[in-house]
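1. predicted model follows, preceded by the sequence.
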Amino acid sequence: MADNPVQFELVSPEKLLLSEEVEMVVVPGVEGDFGVLPGHAPMISTVRPGVIHVFEGGSVKSRIFVAGGFAEVTAARCTVLAEEAVPLDEIDRAGVEKDLQNANDDIRDAGGDAAQLALAEARAATARAKLAALDNLVYQ
């Protein structure tokens, strides 16, 4: 453990999913991924669908897919409020591919219903992000 760890908390609408001291965490922000180390400047960011990488001992300890949300960073803490969160190794590729197909069908069937179209497009974007996360492990 680093001498000066960062307290990382991952919260979903249902519950606190993770609360632990880590060496570093990399969060998929809407303006690009950002890493949080001890002493980080305070900030708030919107989180895009992507993978949170938790580092320990100089390597990735865990990968967690988030479907979006918000992150608050202080000098000692990083808190992510996620719309959906699931460990990357628990994602079922076939299920995600089926979700993407269903979302694309719903996009075609939305007609003039803007609300239905927006929901279907968000589901499709999340499914595409899950597939990209499975195919492109950024940090080894």
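-> It's in. Numbering: from 1, shown residues only.

2. surely Glu121 is in a strand?
-> No - if the criterion is DSSP: H, G, I helix; E, B strand; the rest coil, then Glu121 is helix and not within a strand.

3. so, low pLDDT: which residues of this structure?
-> 1-3, 140 (pLDDT under 70).

4. correct me, but Pro38 touches Gln7?
-> No - Pro38 is beyond contact range of Gln7, at 9.7 Å (criterion: CB atoms under 8 Å). For glycine as for every other residue, the C-beta is placed from the backbone atoms N, C-alpha and C.

5. who touches both of the two?
-> Ala76 (CB atoms under 8 Å, 6 or more residues apart in numbering).

6. count the residues that sit near Ala114.
-> By other CB atoms under 10 Å, the residues close to Ala114 number 9.

7. before we move on, what about Ile44?
-> Ile44: 9 neighbours (other CB under 10 Å).

8. contacts only, for it.
-> Residues in contact with Ile44 (CB under 8 Å, 6+ apart) are Phe70, Ala71, Glu72, Val73.

9. tell me which of those residues is nearest to Val54?
-> Using CB to CB, Ala71 comes nearest to Val54 of these, at 13.4 Å.

10. ok, the closest one - contacts?
-> By CB under 8 Å, 6+ apart, the neighbours of Ala71 are Val27, Gly29, Ile44, Ser45, Thr46, Val47, Cys78, Thr79, Val80, Leu81.

11. ok, those vs Ala114, which is closest?
-> Looking across the contacts of Ala71 and measuring by CB to CB, the closest to Ala114 is Thr46, at 21.8 Å.

12. you'd agree that closest one is up against Val80?
-> No - look at Thr46 against Val80 with CB under 8 Å: they stay out of range, at 10.9 Å.

13. and those two? Which one has more around it.
-> Using other CB under 10 Å as the criterion, Thr46 and Val80 rank with Val80 on top: 26 against 11.
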